[in-house]
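Trainee: I would like to see how this sequence folds:
(chains A, B, C and D)
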Number of protein chains: 2
Amino acid sequence: MAIRKDGKNSFARTTLADVARESGFSPSTISIVLNEAPISKYVAATTKEHIRAVAKRMDYRPDAFGRSLRKRRSHTIGVMIFDISDPFCTLILQGIEKSLHPTEFLPFIVDAHNRREQFERYMAMLLEYRVEGLIVVANWLFIDIETLSELERHRVPTVLVGSEMRSGPLGSVLVNNEQGGYLALQHLYSLGHRKIAFIRGPRQLWDSSRRWDGVLRFAAEVGLKMPKKWVVELTGSSESNSSFDEGRSLTSTMLQRDPGFTALLAFDDLTAFGVVRALRNFGRRVPEDCSVVGFDDVPHAALFNPSLSTVRQPMERMGSIAVGRILKEIQQDGEVEQEKGRVDLLPPELIQRESTAAIAQKGKLLPKNTRKH
Amino acid sequence: MAIRKDGKNSFARTTLADVARESGFSPSTISIVLNEAPISKYVAATTKEHIRAVAKRMDYRPDAFGRSLRKRRSHTIGVMIFDISDPFCTLILQGIEKSLHPTEFLPFIVDAHNRREQFERYMAMLLEYRVEGLIVVANWLFIDIETLSELERHRVPTVLVGSEMRSGPLGSVLVNNEQGGYLALQHLYSLGHRKIAFIRGPRQLWDSSRRWDGVLRFAAEVGLKMPKKWVVELTGSSESNSSFDEGRSLTSTMLQRDPGFTALLAFDDLTAFGVVRALRNFGRRVPEDCSVVGFDDVPHAALFNPSLSTVRQPMERMGSIAVGRILKEIQQDGEVEQEKGRVDLLPPELIQRESTAAIAQKGKLLPKNTRKH
DNA sequence: CTTTCTTGTTGAATCATTTGAAAAACGATG
DNA sequence: CATCGTTTTTCAAATGATTCAACAAGAAAG
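Mentor: Numbering: from 1, shown residues only, chains lettered A, B, ... in the order given. Model (predicted):
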């Protein structure tokens, strides 16, 4: 359909040459005018006007490929995520988008679905598209360190968000997990809880250990006992709702073992949701019979019943800080090496909601509690 | 750093010419071999091997810009979303990604943040990048019809997911909202509820009306009365959690007006979460005192307390069907016009969970409700 | 009258790749 | 020895835009 006699598809896009022909000026002039290049100050005002009018009338749009090829710039920042359905990563994405918006850069988002093979394929893709920077949103990261270090090889400024490499040249932006763990336990402790159960994160996850370090530090400071029967650990499959299911089953196990705890500290919000479900099924009310605290503050934490007390990660800010660092690296073109491996640790914030409450004064747990707040 | 005497950055990417020089063959041959073009069957096997080896050794990656410019194909499908933090849209995205994965196409995702200005900017961007197809995920769509119809002008095959245009040339893939509304009310009715409150969707939203049509159809069939005092409507701001907040405040209003309803049908899941919150604050238990049904089945609906009964939209499938249609249109290159404006209506599915229950036999709320079903 | 300066515009090269046409190389055929 | 048919490889053009050096025209200066 719609092929003209001259062989050209009549719907073919308008090119610079078309505008040139139509306006009577050369392609060079058109380009200079439309890009408002420095030399354009020598172009006659009438010419400028005329060219702009013609370009608009013909609905001219510069071709990204031609342009990028010539300028050797793509004006894109690659954003690699591992699971778009994770709300944690969603908010970071929003932070990234928002701070990229006023710039000349465009995010190129790809989702590896937690699959190594896809990670690699998309990675190659991003390099072919010559992204000028790369942000890796590592929500739940089991890709080996090795694979990530390889990123450096490509000489593309890279920042890791939400996770940290034990060693290695990659810069990262993340919450201070150690402090977060500390805050969470401190919160429960200050509400009077002494019999506290714990669901740690998966051992393979580095953040998980840091968070646990914070918990241990507070426990040591106040001399809290942490009996083994009340400390369990997620296995960390990469399935979507696995931490909910695991939170639930681990809690059930602990309840059957010894239901005497009055509070539970969960690795993250999704786990905490599972915990609440298990407690309810066991006939425990939250927070009256057992307080629960999560980690992350995903958007749904506030909507949940009961709304979840949790340690907030400033996710949107993490995204925008990552963008800031990438832009800086791009501008400085690798001059300031010392910036590269830097780790930005942002402070977490304890958000108190309904799922935690002071322990019953005279309440024995099992009997009924008749207090006010 | 690392600029060689010849002025070239030593980290510059390897080009086809580099491989040609290194291997002793011409760029043409390299291209033919690496792309396994038809003529490559005439290339000597030893040559092929040699070229592949050199390319691999030099870590050659074809440049997407050079290639796309020459081939006049981008191998990308634009995906326009309006709010990435909406879980509804997240699942559709996953469906899209998954079905695009085995193809030669790559999704180019942009998020307009519900802002018209950004929508237009990103739209222009996608056209500059010559996307070969476009999927618009219209979760919560207040962009005028006009703007969307304009898409057609660009001769890019376009499919709308999750919404439908009253009229216009754009094809779409969405759930049968009318049937969904019908199912939701039928569910509550079959549980014995007769005093039912309703929170409609915003009037500007076309889907909202269709859903409501289904509700009315069922009500008419069984002769259910729907007093005005128990029918309210969302205003539909584009804020992130607005439907939660609105669901909550509208429910509070209705409860104060007349708390006699035993069930509530909400426009969507997020609204339903707000409803549950309001009921709890009012001292009503869900589902014992009031059943609540949502719409969508977002991932968190199952994790919520109580887990939410709802009408499921097959979101992942919607995404993959959209991809299927786009790919077909691309291949047929506009030959089969009749496909274009087609509307795929997928069947919704009622998911019964904890938030709905049969009405109490010896009912408390208002005096007697002593029937069976 | 030549030179210089300013203003306004353009030609040609360049970016990395693909591709149809053409050119080698080579043995075989008449 | 010219001609032909294969097989193997390369030339050169094309894709769409940007940019630098250069050119043209007119005015001003020497």
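Trainee: what helix or strand does the residue nearest to A:Gly294 when sequence neighbours are not counted sit in?
Mentor: Residue nearest to A:Gly294 in three dimensions, not counting chain neighbours: A:Ala272, with 3.4 Å by Cβ to Cβ, 6 or more residues apart in numbering or on different chains. To be clear about C-beta, it is placed using only N, CA and C from the backbone, and glycine gets the same treatment. Element membership for A:Ala272 (DSSP states H and E) is helix A:269-281.
Trainee: elements contacting the next helix or strand after that helix?
Mentor: With elements assigned by DSSP H and E, the helix or strand that comes after helix A:269-281 is strand A:291-296. If you count contacts as 3 or more Cβ pairs under 8 Å, 6 or more residues apart in numbering or on different chains; DSSP states H and E, strand A:291-296 packs onto helix A:177-190, strand A:263-265, helix A:269-281, strand A:309-312.
Trainee: burial measure for the residue in the stretch 101-250 of chain A positioned nearest to DNA strand C, as a count.
Mentor: Closest to DNA strand C within the stretch 101-250 of chain A is A:Glu128: 8.2 Å, counting by Cβ to the nearest atom of the strand. Residues contacting A:Glu128 under the criterion other Cβ atoms under 10 Å in any protein chain shown number 18.
Trainee: any idea how far stretch A:78-87 is from the chain center?
Mentor: Here stretch A:78-87 is found 7 Å from its chain centre; the criterion is Cα atoms, centre = their mean, to the nearest Å.
Trainee: Within the helices and strands, which one has A:Gly319?
Mentor: Using DSSP H and E, A:Gly319 sits in helix A:315-332.
Trainee: quick one: that helix to strand A:291-296, angle?
Mentor: In terms of direction (axes from the mean of the first three to the mean of the last three Cα atoms, to 10 degrees), helix A:315-332 departs from strand A:291-296 by 20 degrees.
Trainee: what comes up buried for helix A:315-332?
Mentor: For helix A:315-332, the neighbour count (16 or more other Cβ atoms under 10 Å in any protein chain shown) marks A:315-323, A:325-327, A:329-330 as buried.
Trainee: which one of the helices and strands packed on strand A:291-296 is the most hemmed in?
Mentor: Comparing these by mean neighbour count (mean count of other Cβ atoms under 10 Å in any protein chain shown), strand A:263-265 comes out on top with a mean of 29.
Trainee: Quickly note the distance from A:Ser307 to B:Asn281.
Mentor: Separation of A:Ser307 from B:Asn281 (Cβ to Cβ, to the nearest Å) stands at 11 Å.
Trainee: Which parts of the stretch 101-250 of chain A are strands?
Mentor: Per DSSP state E, counting those that start in this stretch, the stretch 101-250 of chain A carries strands over the ranges A:106-111, A:133-137, A:158-161, A:171-175, A:196-200, A:231-233.
Trainee: Partner strands of the third one, with direction?
Mentor: Strands adjacent to strand A:158-161 in the sheet, as given by DSSP bridges, are strand A:133-137 (parallel), strand A:171-175 (parallel).
Trainee: average pLDDT across stretch A:261-277?
Mentor: Taken as a whole, stretch A:261-277 carries a mean pLDDT of 97.
Trainee: Sorry, slip of the keys, the one I care about is stretch A:45-59.
Mentor: Stretch A:45-59 carries an average pLDDT of 96.
Trainee: Mind listing residues that contact that stretch?
Mentor: Stretch A:45-59 is contacted by residues A:Thr14, A:Asp18, A:Val19, A:Glu22, A:Ser23, A:Phe25, A:Thr29, A:Ile30, A:Val33, A:Leu34, A:Ser40 when judged by Cβ atoms under 8 Å, 6 or more residues apart in numbering or on different chains.
Trainee: change it to 6 Å
Mentor: The contact list for stretch A:45-59 (Cβ atoms under 6 Å, 6 or more residues apart in numbering or on different chains) reads A:Thr14, A:Val19, A:Glu22, A:Ser23, A:Ile30, A:Val33.
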